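Trainee: give me the fold of what follows.
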Amino acid sequence: MAKSKEKEKKDKSKDKKDKKRKLDTKSGDSPKKKRVKKEEEPQEHIWKWWEEEALEAGTKWRTLEHKGPVLAPEYVPLPKHIKFYYDGKPMDLAPAAEEVAGFYARMLDHEYTSMEQFNKNFFKDWRKEMTSQEREIITDLKKCDFRRIAEHYKEESEKRKSMTKEEKQALKAEQEAITNEYGFCIVDGHKQKIANFRVEPPGLFRGRGQHPKMGKLKKRINAEDIIINIGKKATVPKPPKGRWKEVRHDNTVSWLASWTENIMGNVKYVMLNPSSKAKSMKDFQKYEKARELKKYVDKIRRNYTEDFGAREMAIRQRAVALYFIDRLALRAGNEKDEDQADTVGCCSLRLEHIKLSEEYVEENSQLNSSQGSCMDNNNSINGDSPIKKVKQESDAADGNSSPSKSKRYMVEFDFLGKDSIRYQNKVAVEKKVYKNIKLFMEDKNPSDDLFDRLTTASLNKYLNECMEGLTAKVFRTYNASKTLQDELDRRTDPKMTEAEKMLAYNRANRAVAILCNHQRAPPKTHEKQMENLDTKISEKEKQLKEAEKELKKAKKAKDKNTEEKIKKKVIRFKEQLHKLTIQREDKSENKTIALGTSKLNYLDPRITVAWCKRHGIDIEKVYNKTQREKFLWAISMATPDYVF
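Mentor: Residues are numbered from 1 along each chain as shown. Below is the predicted model of the structure:
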């Protein structure tokens, strides 16, 4: 009896739910599908290193175990029917020369193969890989025909793309097995991800911009080239062939393996993943050092301002360079060899990279965009805008009686910075800075150094005397993080909607990216995405107009139930339209700005975490899964009241 009563109750409640669904359908509202939130894979292990006692100074680990790096696969020769042609005749190449010919063939459709420097470097290095007989025959790159080889590799690429689902899954499983074996290490008993456990395969060097070494052969790295770093008690991994160059047990470094590449002679390292303890602790220390600068920055600024008038030219140059590093977040720059790309920083600027000019500007007139952005940057970095100081100083010094005009001393920068990214900016500077630059330029050629009595090393030595561990790079991190903090405080209103808060955050992030010159080429899909957003906005506007018309009719008909329903619909459409408009605005402003670089490398993540906690924003809206893993320490540490 009890069971039958329970069954009756369940049936009745089910009937009620079915009736409710039918009524909802009749009223015109289709039943809404609940959006299922994709659950993230649970993390295997979280090492809360920040809750542990710190290691002794200079020690990175106590125990370290790993399987070594994965070497690039051996070269597979071309099928016999695929031929290289020289001067119209087929020719068989030895495996070493054939492999390098394949590197060039793969790039035939790329603009690099039309560049003289690329072709010159390639041909010179390719000939070194040939047999003496091949060198005698192949003497002119223009007579070489790589088209059959290129077609073969295109066909192979298409085959991989057209693999069945089962084949793709089998390949994925194979790669996952390699990652599980070689992609992790054990540090002090904790499992940690390795960032780059695969050794880069051989190929042709491209470089950024007009790199003088483009086209040169990046040689294959073998076990004999690699140094392994591992714990003393750990089992040393065996290479697939040959023997390691050296095995070390150095716990003062965090790298697991290293080798020297042949193009630039740089040492390459197998490092831990950004989410690892070693990398996270380095990040934490970097931002703590930048925060420490707050105590010293006012004194450093007073000192370099006083040094504008120093008797010694080297001190004046240091003061002006530091002014630019501080005000414009310029990189310090290092000396380059002739065979390196011609990129510069502040200390290595040449006369050809700057132009000086004097301008009279109406007091109430708007500055052009570049000057305006500079003023905003300087406001957020240094408090008062230097333009304000320039006005007061120049009016007094030049006897400018007209209160409606002010003289500005302008410096225009145009040079290739890190990664051959062009830096262009026209900024107003203090009169003393302007006069000093004029002095530094006297009796020099355009190719001469502006700061000929200054090096990055001497600048950093001076900064270290001002504050222990201070370098020009710390200034860049400090100014970037300080700008984000100030911009978020200025732009965020607790009354804003979530979409408006996210726009405020992205605008604050953009201010930092502009300051640090983090640019990108417009994404290929940008125009299409903007078109799609415009279409959505247009459709939403139509829906809103129709709903407003319906609301007027309902009001005239004095149908209260219908009126309330349509009112809710109008509110919903307005919110959706507002969200789409904000989304479009955000995407448009972000067209040529790279937000990721500053977010990952220059912005104290605790600022973002605190902002999210303070304003009720889900951290997933700001940081993706990889970023959340990298900044796990900040997510755990930062409270809502944290301030940089």
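
Trainee: please enumerate the strands of the stretch 151-300 of the chain.
Mentor: Using DSSP state E, counting those that start in this stretch, the strands assigned to the stretch 151-300 of the chain run over residues 184-187, 190-193, 203-204, 217-218, 227-229, 246-248, 257-260, 267-270.

Trainee: ok, and for the last one, which residues are buried?
Mentor: Burial within strand 267-270, assessed by neighbour count using 16 or more other C-beta atoms under 10 Å, is assigned to 268-270. C-beta coordinates here come from the backbone N, C-alpha and C atoms, glycine included.

Trainee: could you list the alpha-carbon positions for the helix or strand harbouring Arg408 in CSV?
Mentor: Arg408 is part of strand 405-416, with elements assigned from DSSP states H and E. The C-alpha trace of strand 405-416 is given here as CSV (Å, rounded to 0.1, in the frame of the first residue of the first chain):
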residue,chain,number,x,y,z
LYS,A,405,50.0,78.3,-26.5
SER,A,406,52.7,76.2,-25.1
LYS,A,407,56.0,74.9,-26.5
ARG,A,408,56.6,71.2,-26.5
TYR,A,409,60.0,69.5,-27.0
MET,A,410,59.4,66.4,-29.0
VAL,A,411,61.5,63.3,-29.6
GLU,A,412,60.4,60.8,-32.3
PHE,A,413,61.6,57.2,-32.0
ASP,A,414,61.7,54.7,-34.9
PHE,A,415,63.7,51.5,-34.5
LEU,A,416,63.5,47.8,-34.5
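
Trainee: can I get the helix or strand following it in CSV, CA atoms only?
Mentor: Going down the chain from strand 405-416, the next helix or strand is strand 422-429, by DSSP H and E. C-alpha atoms of strand 422-429 as CSV (Å, rounded to 0.1, in the frame of the first residue of the first chain):
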residue,chain,number,x,y,z
ARG,A,422,59.1,48.1,-34.9
TYR,A,423,58.9,50.8,-32.2
GLN,A,424,57.4,54.1,-33.3
ASN,A,425,56.5,56.8,-30.8
LYS,A,426,56.6,60.6,-30.7
VAL,A,427,56.8,61.9,-27.1
ALA,A,428,57.0,65.2,-25.3
VAL,A,429,60.1,65.4,-23.0
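
Trainee: before we move on, back to that, and the angle from the strand holding Arg408 to strand 422-429?
Mentor: Orientation check (axes from the mean of the first three to the mean of the last three C-alpha atoms, to 10 degrees): strand 405-416 against strand 422-429 gives 160 degrees.

Trainee: in its sheet, what does strand 405-416 sit against?
Mentor: strand 354-362 (antiparallel), strand 422-429 (antiparallel) (DSSP bridges).

Trainee: so which other helices or strands are in contact with the very next helix or strand once past the shortest one?
Mentor: Which is strand 422-429. With elements assigned by DSSP H and E, the helix or strand that comes after strand 422-429 is helix 431-441. Secondary-structure packing of helix 431-441 (3 or more C-beta pairs under 8 Å, 6 or more residues apart in numbering; DSSP states H and E): helix 313-328, strand 354-362, helix 386-398, strand 405-416.

Trainee: which one of the ones you listed is the most hemmed in?
Mentor: Mean neighbours per residue, mean count of other C-beta atoms under 10 Å, is largest over these for helix 313-328, with a mean of 22.

Trainee: which strands and helices sit next to it?
Mentor: helix 297-306, helix 369-382, strand 422-429, helix 431-441, helix 456-466, helix 472-491.

Trainee: same question for that helix, mean pLDDT?
Mentor: Here helix 313-328 scores 95 as its mean pLDDT.

Trainee: can you show me the helices along the stretch 451-600 of the chain?
Mentor: Per DSSP state H, counting those that start in this stretch, the stretch 451-600 of the chain carries helices over the ranges 456-466, 472-491, 498-515, 526-557, 560-589, 595-601.

Trainee: compare those and give me the one nearest Arg135.
Mentor: helix 456-466 (43.3 Å; C-beta to C-beta).

Trainee: buried residues in the closest one?
Mentor: Under 16+ other C-beta under 10 Å, the buried positions of helix 456-466 are 456, 459-460, 462-463.

Trainee: any idea how far it is from the chain center?
Mentor: In terms of C-alpha atoms, centre = their mean, to the nearest Å, the centre of helix 456-466 is set 27 Å apart from its chain centre.

Trainee: by mean pLDDT, flag the weakest helix or strand of this protein.
Mentor: Lowest on mean pLDDT, DSSP states H and E among the helices and strands of the chain sits helix 369-382, with a mean of 37.

Trainee: ok so, going back, just say which of the helices and strands packed on helix 313-328 is most tucked in.
Mentor: Using mean count of other C-beta under 10 Å, helix 472-491 ranks as the most buried of these, with a mean of 21.

Trainee: ok, and what's touching that helix?
Mentor: With contact meaning C-beta atoms under 8 Å, 6 or more residues apart in numbering, helix 472-491 is reached by 286-287, 289-291, 293-294, 297, 322, 325-326, 329, 331-332, 346, 377, 380-381, 456, 459-460, 463, 504-505, 507-509, 511-512, 515-516, 598, 602-604, 607-608, 611, 643-644.

Trainee: now Ile300: closest residue in space that isn't a chain neighbour?
Mentor: Nearest residue to Ile300 in three dimensions, chain neighbours excluded: Cys466, at 5.4 Å (C-beta to C-beta, 6 or more residues apart in numbering).

Trainee: need the contact list for Ile537.
Mentor: 577, 580-581, 584.

Trainee: quick check: domain ranges of this structure?
Mentor: With domains defined by automatic domain parsing, the chain comprises 64-72+165-274, 84-161, 297-466, 482-637.

Trainee: let me have the ones you listed in CSV, extended by distance to Ala472.
Mentor: Below are the domains of the chain laid out as CSV (distance: least, C-beta to C-beta, whole Å):
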stretch, distance to Ala472
domain 64-72+165-274, 21
domain 84-161, 32
domain 297-466, 4
domain 482-637, 13
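
Trainee: least reliable of the ones you listed going by mean pLDDT?
Mentor: domain 297-466 (a mean of 78).

Trainee: start to end distance for that domain?
Mentor: The first and final residues of domain 297-466 sit 9 Å from each other (C-alpha to C-alpha, to the nearest Å).

Trainee: chain center to that domain, what's the gap?
Mentor: The answer for domain 297-466 is 26 Å, by C-alpha atoms, centre = their mean.

Trainee: next one: stretch 535-548
Mentor: Going by C-alpha atoms, centre = their mean, where stretch 535-548 is centred and where its chain is centred differ by 37 Å.

Trainee: what residues sit buried inside that stretch?
Mentor: Going by neighbour count (16+ other C-beta under 10 Å), the buried part of stretch 535-548 is 537, 540, 543-544, 547.

Trainee: looks like Glu589 contacts Ala511 (just checking).
Mentor: No: Glu589 is beyond contact range of Ala511, at 10.7 Å (criterion: C-beta atoms under 8 Å).

Trainee: of these two, who's got more company?
Mentor: The residue with more neighbours, out of Glu589 and Ala511, is Ala511; 24 against 13, by other C-beta atoms under 10 Å.

Trainee: now that one: closest residue in space, sequence neighbours ignored.
Mentor: Glu487 (5.0 Å).
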